[in-house]
Every structure is written in C-alpha cells, then in structure tokens.
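Visitor: got a predicted model here, sequence first, then my questions.
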Amino acid sequence: MGSVCAHYVRRDSSAGARGDMIYTITLNPALDRILTVESIEYDNPNRVNGDERYAGGKGIDVSKALTRLGVENKALGFAGGFTGLELEGCLLNLGVNCEFIRISAETRTNVFINETARNRQISFNLRGPFIQSFELMQMIDKINGLKDAQHVILSGSVPGGVNPIIYQKIVEIAKAKGATVVLDSDNEPFRAGLRAKPHIIKPNVHELERLVDRELKDLSAITDAAQAIHETGIEIVLVSMGSEGMLLVTDDERLVAVPPKVTVINTIGAGDSAVAGFVHGLVLGESYGGALKRSAATGTAATLIKDVSITAEHVRALLNQVKLRKVS
C-alpha cells in the first residue's frame, strides 16, 4: 500500500450455539504513519526518504492478517474525523470487512520512524480520542447484536473516557454468545479483561512481566508465569517471545514453537499476526501444537513485509521451518 493509504477450546455448557464468524474489536484504532530516514540526527533537520500511512491498531492488524490469509472476519471499532475516514478507506482498499461506530473526536495518528542505517524503529503512540458515554454504549449495543460469533478477538488499549472495566464487560458478552474469546492487551485493560476469564490470552514477555509484576529472565521463568495465569482459569496462554518464538500453556501441553532466523524488516503487527495465525489454525481444525506452529510462522512472516501484507504462501514457506518442542 502506498502513502495513502475444528479444534476448539472447551466452552461452558451454558454457552450459546457456536457460529462461524470471526470478529476483531479495536476500541482505539489508529492511522499509522511510517517515516523512513537513513539515520536520526539530533538538533539537525532529518531528510525523510519515505512517508507511508496504514490502518493500524492491534485488532485491525489481526483483521488485516486474517483477510490476507483468506479467513472471513469483520473488524469493529471506533472511527472519527478525516483520520477515521482515511482509516476506513484503507481497510476497504485492502478488502477488510469493517464496521465502525462514528465518534465526534478524531481518530489518533501513531508515528513510527524507521532508521535504515541502524535497522531500528522508534514508535510514538498517542493515547487516542475521548469517547463519549453514548458512543461507548453504541459499541456495546453492536457487540450485543453480533451474529454467529465463533471467535471474538479483543485487542489493544482503551481510548480516553473509557474505563478499562469495559474489557471485562465485552469478554462477558462474547462468552455468553458462545464465542471463543481471545484477549491481547496490557496493563489495566488486560487485568480487567482477565477477570471475565477469556479462553485465550496472548501477552508478549513485557506484558506478562507487568501482569505478574516481576522480571522474567528466561524461558523457565516465562513458562512458570504463564502456568500460574493458566491456573487462574485461562484455558490457553500464548506468550510471544520475539525471535525466541511462541510459548503455549494449556491443561495438557507446554510447548514452544521456534521460527527460523530471519532479517527483520518491520515489527509492526507481528504479534497481532501471530494471533491471527493461531486462530487460523483453530479454524483449520489443527491441534494446539499445529496452531502454535502456524502462529509462529505467521508472526515471523509479518516481520519480513510491510503493513501485515502476508499471504498464505509466505506462511507456508516458513511453516516447515518452525521447530516445535516440549517445555519441561
């Protein structure tokens, strides 16, 4: 894009009938503006060699990945102002099925600076627009009205004016509809969502450290922390560990999927693509181990290409190179 931009988890017996639609929910989407410079010079003008804009936000990136992989889904969220219109237009041009609540405030713009000389990236994430109470209730009404929900993926931060407890409410609504709920967030929204016991969570190592309030220095410590969270009633705990792979903890399995070493071009959306890959594996009926391998392959594929523009061919090229092993 240019400068414009069936192996399922256990369910409660009281849950409703399972549908066949995947919904992603992004309460704080963004237009991601990516500036490319050769090197960053402080106190001097920096010449920008590239200026691109993409529809962003964690759940949005999950939807983009799923769409590129041929998996039917719908992206839900808030959008406001000209930035919100551009975000929606970007998604429509990508073929992403989306449905947004229009808000009075402007959708945020996040800025990423790619420094090519040092192969590194700096990100500046705005907090986001202020959501009015009536706009929030429009979103709750939309979620209450979801049809045929198979998976509901709730990702990212909450915008201004929204109490983090909203994540607990959304998880409860989605579970009552019989959906498998995936939660990927951080800090207070993450903690609030966890109180409603989503079926699957996917923190990265830093988010897991904040959740358990201690440093996790190695795989053993990460696994123990994931196991402790699992024992609170979370059926599947996934932890993304960057180049070290993806960890899975369930009742019966503790597995790690290690991707091949690659030259990273882009890190934006890699964790969200990993979520998309795991859900894709579940939709395909793969075992948890198979879905974990697909998750690692999909997340790795996203680091090789801009704007989560992965394809099934990219994932297949990496899938057989992912090593799966048990964690003691």
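Guide: That came through, no problem. Numbers count the residues shown, from 1 in each chain.

Visitor: what kind of secondary structure is residue 53 in?
Guide: What DSSP: H, G, I helix; E, B strand; the rest coil gives for residue 53 is strand.

Visitor: show me where the chain has helices.
Guide: In the chain, the segments counted as helices under DSSP state H are 58-68, 81-93, 133-144, 166-176, 187-194, 205-212, 219-230, 270-283, 288-302, 312-319.

Visitor: for the ones you listed, which has the smallest mean pLDDT value?
Guide: Across the helices of the chain, helix 312-319 has the smallest mean pLDDT, namely a mean of 93.

Visitor: about what we covered before: got a markdown table for the helices of the chain, with mean neighbour count and distance to residue 29 too?
Guide: For every residue, glycine as well, the C-beta is placed using N, CA and C. Listed next are the helices of the chain as a markdown table, based on neighbours: other Cβ atoms under 10 Å; distance: least, Cβ to Cβ, whole Å:
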| stretch | mean neighbour count | distance to residue 29 |
| --- | --- | --- |
| helix 58-68 | 29 | 5 |
| helix 81-93 | 18 | 6 |
| helix 133-144 | 14 | 12 |
| helix 166-176 | 20 | 15 |
| helix 187-194 | 19 | 15 |
| helix 205-212 | 18 | 19 |
| helix 219-230 | 17 | 27 |
| helix 270-283 | 27 | 12 |
| helix 288-302 | 27 | 18 |
| helix 312-319 | 17 | 24 |
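
Visitor: got the contact list for residue 236?
Guide: By Cβ atoms under 8 Å, 6 or more residues apart in numbering, the residues touching residue 236 are 9, 199, 200, 201, 230, 248, 249, 250, 288.

Visitor: go with 7 Å
Guide: Contacts here follow Cβ atoms under 7 Å, 6 or more residues apart in numbering; on that basis residue 236 touches 9, 199, 200, 248, 250.

Visitor: thinking again about what came up before, reformat the helices of the chain as CSV; add distance to residue 42.
Guide: Converted to CSV, those look like this (distance: least, Cβ to Cβ, whole Å):
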stretch, distance to residue 42
helix 58-68, 31
helix 81-93, 29
helix 133-144, 40
helix 166-176, 39
helix 187-194, 30
helix 205-212, 26
helix 219-230, 36
helix 270-283, 28
helix 288-302, 31
helix 312-319, 37
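
Visitor: mind listing what the residue nearest the centre of the chain touches?
Guide: Centroid check for the chain by Cα atoms, centre = their mean gives residue 272 as the closest residue, at 3.2 Å. Counting by Cβ under 7 Å, 6+ apart, residue 272 makes contact with 58, 61, 62, 65, 155.
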